[in-house]
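Visitor: Quick one, structure for this:
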Amino acid sequence: SLVLRWHQKSIDDLRTTKRIDIPDYEEKNNSWGMDIGLGYGFLTGEISNYLNNHIDFLQYGFMYSHKKYSYDLRAILGAHTAKQSFDNNKYSLAADTGNLVAFIEASAGYQLYKNDRVSIYPFVGFGIFQLSRSDKSNDNETIEGPIKLQPNIGLNFDYKIKSASISSRQRTDLILKTRITYEPINYTGVLKGGTWNLTIGIGGVFQSIRFLEK
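Guide: Just a heads-up that it's a prediction; the model follows:
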């Protein structure tokens, strides 16, 4: 009887307690995010005869978006091995030696599709490209090649893994970011062609929200 009495009291209390609904909200126009990850680069054209495809051991980026427009600034560091020797007054390669490759990219994109989980946008931009290597015959002195400016184009795919609220006015999304980028290469001498970069990273997007009055 005691259990039944408390059961009935709980039901009566629930009936008379005012319901607290989850408030409606909307996303503000601006958001920003950061990510870090790895990648792989496929070389095409003449440059692929002299260098193997590169493994991007570090890529990190910063993203800012306003409404459906997204702006990215990112850097990629990779490494590959020379297939054969190449000698030029601006840069030279020795067969079977390691080389570093660096990209710094800026791009702008327009959101084609977005739902609660997925955001997709193509982008275009420009960046700089540089090769460098260590000279083992001279105390591993770093030999840097010229810095070249080049365009880029690609597709960005963001998948939201989880959302969390860090305040009543801010939402944070943990995302998996996948980017496919093509960059033509016109470096020096016969080092010409292009590179397809596939990078995968994990990061966070910080989105301000506004509660709507009922």
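
Visitor: Just the residues contacting the lowest-mean-pLDDT helix or strand in the chain, thanks.
Guide: When the helices and strands of the chain are compared on mean pLDDT, DSSP states H and E, strand 141-144 comes out lowest with a mean of 83. Contacts to strand 141-144, defined as C-beta atoms under 8 Å, 6 or more residues apart in numbering, come from residues 91-92, 130-135. Where you see a C-beta, it was placed from the backbone N, CA and C, and this is true even at glycine.

Visitor: Quick check: PyMOL command selecting the buried ones in those.
Guide: Only the buried entries of the contacts of strand 141-144 go into this PyMOL selection, using 16 or more other C-beta atoms under 10 Å:
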select buried, resi 91+92+130+131+133
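
Visitor: The following helix or strand past the least confident helix or strand of the chain pairs with which strands?
Guide: The helix or strand immediately downstream of strand 141-144 is strand 148-167, counting by DSSP states H and E. Partner strands for strand 148-167, per DSSP bridges, with pairing direction: strand 118-135 (antiparallel), strand 170-186 (antiparallel).

Visitor: Turn those strands into CSV, including distance to Asn53 and mean pLDDT.
Guide: Formatted as CSV, the strands paired with strand 148-167 follow (distance: least, C-beta to C-beta, whole Å; pLDDT from 0 to 100):
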stretch, distance to Asn53, mean pLDDT
strand 118-135, 14, 92
strand 170-186, 13, 93
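
Visitor: And Tyr182, how close does it get to Lys9?
Guide: Distance, Tyr182 to Lys9, using C-beta to C-beta, to the nearest Å: 68 Å.

Visitor: Oops, could you answer that again for Gln59 instead?
Guide: From Gln59 across to Lys9, the span is 60 Å (C-beta to C-beta).
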